[in-house]
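Trainee: Here is a sequence with its predicted model. Questions after.
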Amino acid sequence: MSDAWMPLGVVLSSFLPGLVIFFLAESRIRLRTALNLVGAFAKLGLIGVMLWGVVNEHEYVFRHTVLPGLDLVLKADALALLFVTLSAVLWLFTTFYAIGYLEGSPHRSRFFGFFSLCVTATVGVAMAGNLFTFFLFYELLTLSTYPLVVHRGTEKALRAGHVYLAYTLGGGAVLLVGTVWLYGLAGQVDFAHGGALAALPPESFAQLQVIFLLLIAGVGVKAALVPLHGWLPMAMVAPAPVSALLHAVAVVKAGAFGIVRIVYEVYGIEFAQSLDLLTPLAFAAAATILWGSLRALFQDDLKRRLAYSTVSQVSYIALGIALFGPVGTVGGLVHLVHQGIMKITLFFCAGNYAETLGIHKVSEMDGAGRRMPLTTLAFSVAALGMMGAPLTAGAVSKAWLMDGAHAADMGWAVAVLWTSSLLNAAYFLPILWRAWFRPAPRKWPKENIAVRGWRETAWLLLLPPLATGLAVVMIGIFAEAFWSPLTWARLIADREYLQ
Amino acid sequence: MSAAMHLPILPVVLPLFAGIALLALRNAPLALQRGLSLAATLALIPLAFALIGTAADGTHLVYQLGDWMAPYGIVLVVDRLAAWMLLTTALLAIFALLYALNGIDREGRHFHVLFQLQLFGLNGAFLTGDLFNLFVFFEILLLASYGLLLHGGGRLRVKAGLHYVVINLVGSTLFLFAVGTLYGVTGTLNMADLAVKIAAAPAENAALLQSAALLLFGVFALKAALLPLYLWLPAAYAHTSAPVAALFAIMTKVGAYSILRVYSLLAGEAGGPLANLLDAWLVPLALATLALGTLGALASSGLRQQVAYLMVASIGTLLLAFGLGNAGALAAGLYYLPHTTFAAAALFLLADQIAQARGALADRFESGPEMPRASVLGGLFFLAAMAMSGMPPLSGFLGKFMLLKGALDEPSLAWVWGVVLATGLAGVIALARSGSLLFYRTRSAHGDASLVVPGAGMLAPTAALMLLIVVITVWAGPFSAYAGDTAAQLLQPRLYIDAVLGGQR
């Protein structure tokens, strides 16, 4: 079959437009938008075809030998497509949102150039077929998001950028150590169901444990595992579409996805369990869940509160994996998607409050719901989802995670999940209460966009959060439908555990 | 002798004749001088490819000047390593020269003459099989480099240049001492012959030979800017003109090349009293150079200075690979060599355009006006910074990956990995700080007329150097295979010795 170009096409569909965009003059808005959208739709088209193929047990593999024994492999399997589809769809929404958000501001060419590179790196991370390829795109992701974090060019942005870079590159270096060590020990190992390391001689098991620690620490920086999470709240100085990207689509997800790949397809879940590697991972995840939620309680800055919420929520994914059992796996994988959609909605809304009314703090949210009912509706749905309220996506993830914890006989994990839900409610409900039930102030901090009819803010800012907010409810209600993320996660879990 | 047999001498005599002709034509129209200089430089590229072609299968092409047999006559030797160095030099030179045509070549006299003589010295140094001729070619390339370094003048340039001249004169004197001692003890300076004689030297000469060899190492280390002899470099490179700094990216590699060539022949496993002489020195010194170069880059106050320090660091990486000395590490170093040469050159050219585009602020790390064509300059800077700091997916990363793997079985594993990874990290952070300051922390320029818009004549050579790096990356397979073959050849000095001395047996 000569369909090996398709995974490469998914990568190039954002890389090539990105390259061109760098060289476009600031004023070429239409051409830039057209390039972005053509790239995004081409990507979605390719993904659609491959989704169909993967359902029918086909895998799309592109392989290029870089050096002898060192292959660049892009592989579209069920797990890759879970992440690729998520990021491609959310990228499309974020592109619309960013166009609206940055309207009239300078340096848009370089912004959208790096924006495209960032998505290129993300889909590369998703489709990487071995650790080497994963590492390449993982580092490219760091490099392409750094200019987005410092985009505003203020002193504060530059400082946050340096912190971000130090953390993520440090993680990259640790990941590289683990990778080269593993290549030295086991040769080139492609990602495969059930992993490929169990066949190594038992003398090397101690080394494999250390390597596991290195690899997880390496990707744990991006996944914001405590204590490697310090960069995430600082990176909040970035423009809202960038935050959305960091939290929901690209960086944090790349880290969490790395954990998934390493546990299932490098080590194999059963081998990882036999090396006693999953329990420490579960503890790290649980600590992160609680710590993130606790810290979120005390943040007055809206985006910082959301950032700590991300720290907490992303570790649900790691916890689900560490629960060792198909049910927990489904819970972790499906939360990868659900958290993305919920979190991007929250960041879109936070951006809307800031752009429209100048609201940056929770304490300024009084009455925002009356001024911006649609935005606040979307925000409320996503926030309720985060708490795990019925009929939302969050309820589905939480139910599967709880069942997974029960199935694994890990009662403490259930307690962690319940505690976190209560904490989620404690830091989200006051925001909703302020927005809906407190009287509006006489004057907003900085009103930039006036109301026009039912349009509380600019079109392009309003529609993306409404769409993703709707999705939060739809995938919650129709979780059993053939197109739902849950169905896909179950397909993956079946394939990972049947090997 | 057929024409093809004269191939090895052509890369030496072509720039020499071009230089002499340019001297004779010094009053001719500028266009003619430029055309001649360009044509002579361009011709080196197919020549280098032809030599790669003959050397690739492992042949040592030995050229006896005037048909005097080795070890008595002057001998040029083309092996894989020499051809590799020639190709790197030729590709670098053409783009440095193209950049100079933007007007820098008019700022002083004899630019093109000096440029050709520089190439004459470089190519000769890579080809010669004789230690005394190596000294001669070193002198030639140094004399040319003194002129090029000071080309265009300026107080800082002359001051920095003066240090360079004095230090190198001391180096030359020591070189002469070392060569004299070796000749006195062994009666030969032909490198192949030296290798044979030294291996068989009686024990009472061992100390003398060792001290001469270490002295020689000191001289090469000075050229290569190895710690603690690197202090001349950042000042000299930061203050000279951009195309000269770019061309000089290969100058430090002459030192690295000489270390590799001379010590793989004389101080390998079978080196008698010199066997494994450098083992205790090279790796620690290279690691320290890498670390201090990176610290210098972190502390730099301007972009050109920063690039110069990063070049010092890259020499550390290169000599680290040579110092580890196993086949894998050597291959990594040889693959990394053209990469780091092109990356440093591209960054020097870019730093010059950035300095011009910022007017009076030049390349100082201060918040300044927004540059004209910032997104093109910024895009190139992003790419060049990735290359220079060895970030994936470019060839610098592949070289480092090979190096890390090559160090796996070495006793110095922990040091090598720790320093290489930490300095890589610090290098990216240093460049990211500069990039974000230069391109992001800006104020509106408001029609400031002192800002020079970088033209296509400047951008194109810079982009072309980056394109070379992309080529090395995409075709990493064949390039690294060639580097691996070269390493294998170097680890068997017998092949070189037999090829050179074969005629008399």
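Mentor: Thanks, I have it. Numbering: from 1, shown residues only, chains lettered A, B, ... in the order given.

Trainee: Could you report the pLDDT at residue B:415?
Mentor: Per-residue pLDDT puts residue B:415 at 92.

Trainee: Right, and chain A sits closest to which residue of the stretch 301-450 of chain B?
Mentor: In the stretch 301-450 of chain B, the residue that lies nearest chain A is residue B:440 (3.9 Å; Cβ to the nearest Cβ). Every residue, glycine included, has its C-beta placed from N, CA and C.

Trainee: Mind pulling up the pLDDT for that residue?
Mentor: In this prediction, residue B:440 carries a pLDDT score of 89.

Trainee: contacting residues for it?
Mentor: Residues in contact with residue B:440 (Cβ atoms under 8 Å, 6 or more residues apart in numbering or on different chains) are A:147, A:150, A:151, A:152, A:153, A:157, A:158.

Trainee: Mark which of these are buried, thanks.
Mentor: Among those, those buried by neighbour count (16 or more other Cβ atoms under 10 Å in any protein chain shown) are A:147, A:150, A:151, A:152, A:153, A:157, A:158.

Trainee: before we move on, back to that, among the contacts of residue B:440, which are within reach of chain B?
Mentor: Filtering those for neighbours of chain B using Cβ under 8 Å from any Cβ of the partner chain leaves A:147, A:150, A:151, A:152, A:153, A:157, A:158.

Trainee: Just these: which are in helices?
Mentor: Those of the ones next to chain B among the contacts of residue B:440 mapping onto helices are A:147, A:157, A:158, per DSSP state H.

Trainee: so where's the stretch 351-499 of chain A uncertain?
Mentor: Along the stretch 351-499 of chain A, segments meeting pLDDT under 70 span A:498-499.

Trainee: how does it look with 80?
Mentor: A:453-454, A:496-499 (pLDDT under 80).

Trainee: Would you state the helices of it in chain order?
Mentor: A:368-371, A:373-387, A:393-407, A:411-437, A:459-477, A:485-498 (DSSP state H, counting those that start in this stretch).

Trainee: Make CSV from the ones you listed and add mean neighbour count and distance to residue B:415 to it.
Mentor: CSV is the format used below for these (neighbours: other Cβ atoms under 10 Å in any protein chain shown; distance: least, Cβ to Cβ, whole Å):
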stretch, mean neighbour count, distance to residue B:415
helix A:368-371, 21, 57
helix A:373-387, 24, 47
helix A:393-407, 23, 44
helix A:411-437, 18, 42
helix A:459-477, 21, 50
helix A:485-498, 20, 40
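
Trainee: now for those, which one comes closest to chain B?
Mentor: helix A:459-477 (23.3 Å).

Trainee: residue furthest from the geometric center of the chain?
Mentor: Just going to use chain A. Most distant from the centre of chain A: residue A:442, at 38.0 Å, with distances by Cα atoms, centre = their mean.

Trainee: Switch to chain B, please.
Mentor: Centroid-distance maximum for chain B: residue B:446 at 41.3 Å, with Cα atoms, centre = their mean.

Trainee: The lowest-mean-pLDDT helix or strand in chain B: what's the following helix or strand?
Mentor: Ranked by mean pLDDT, DSSP states H and E, the weakest helix or strand in chain B is helix B:232-239, scoring a mean of 83. Per DSSP states H and E, the first helix or strand lying C-terminal to helix B:232-239 is helix B:242-248.

Trainee: Determine the set of other helices and strands touching that next one.
Mentor: Judged by 3 or more Cβ pairs under 8 Å, 6 or more residues apart in numbering or on different chains; DSSP states H and E, the packing partners of helix B:242-248 are helix B:80-100, helix B:131-150, helix B:232-239, helix B:327-357.

Trainee: Could I get the average pLDDT for it?
Mentor: 92.

Trainee: following that helix, which helix or strand comes up?
Mentor: Downstream of helix B:242-248 (by DSSP H and E), the next one is helix B:251-266.

Trainee: Okay, angle between that next one and helix B:131-150 too, please.
Mentor: Per axes from the mean of the first three to the mean of the last three Cα atoms, to 10 degrees, the angle that helix B:251-266 makes with helix B:131-150 is 170 degrees.

Trainee: Give the next helix or strand downstream of helix B:251-266.
Mentor: helix B:279-299.

Trainee: Looks like residue B:497 contacts residue B:197 (just checking).
Mentor: No: Residue B:497 is beyond contact range of residue B:197, at 10.8 Å (criterion: Cβ atoms under 8 Å).
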